[in-house]
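Trainee: Return atomic coordinates for the entry below.
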Amino acid sequence: MSPQFVKPYVKSNKNDMADAEAGCEAVNRPNMRFVSIKTVDQLSVYRARQGLVKARTAQANQIRGPLSEFGIVMPQGIRSVSKRAPDTLEDAENGLPETMQCNKNVSAVALANKNTRAIWALLAKDTIFHPNHTSAASAA
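Mentor: Numbering: from 1, shown residues only. Okay, here's the model as predicted:
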């Protein structure tokens, strides 16, 4: 059972006893939806994908962080970093030290590499890619 469906049945402050009582109440409801049990293959693909997404996000933040120290602020999100970082890093007039300026292909290739590994993890297990997929952690 997904925690988001149990939460409305919690009657008092959050503690183990209140959570258990809410779980029992929710199970007895006729319209309750349950989460299907995942196979070992599904869990391994999920964990591999989550690890790759975490690494990709970390790399994007490693690009955004130093840029923000020099007054170049990018919105959060992998799309904005992948669109803006290559041109920003290559621009000679942005006030960045020479050690931070590089060929725009370096950051683009690094991010593409992270995306490729995530795709490979899905394809290696014959998993269908869903563009609107959200993890259980972000849904809760």
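Trainee: so where is this protein shaky, pLDDT-wise?
Mentor: When residues are selected by pLDDT under 70, those of the chain lie in 92, 97-111, 114, 118, 121-122, 125-140.
Trainee: If we use 80, what do you get?
Mentor: Counting by pLDDT under 80, the chain contains low-confidence ranges at 1-3, 5, 12, 14, 32-35, 63, 66, 70, 82, 85-140.
Trainee: Break it down into its domains, please.
Mentor: Domain assignment for the chain by automatic domain parsing gives 1-35, 38-129.
Trainee: And for residue 77, the neighbour number?
Mentor: Residues lying near residue 77 (other C-beta atoms under 10 Å) number 12. In short, each C-beta sits where N, CA and C put it, glycine included.
Trainee: Just list the residues touching the closest residue to it other than its chain neighbours, thanks.
Mentor: If you skip the residues right next to it in sequence, residue 77 has residue 60 as its closest partner in space, 7.9 Å away by C-beta to C-beta, 6 or more residues apart in numbering. The neighbourhood of residue 60, defined by C-beta atoms under 8 Å, 6 or more residues apart in numbering, consists of 77, 78, 81, 82, 111.
Trainee: How about residue 18?
Mentor: 10, 11, 12.
Trainee: Next, the buried residues of the strand or helix carrying residue 67.
Mentor: Secondary structure from DSSP states H and E places residue 67 in helix 40-69. If you call a residue buried by 16 or more other C-beta atoms under 10 Å, then helix 40-69 has these buried ones: 45, 46, 48, 49, 52, 53, 56, 59, 60, 63, 64, 67.
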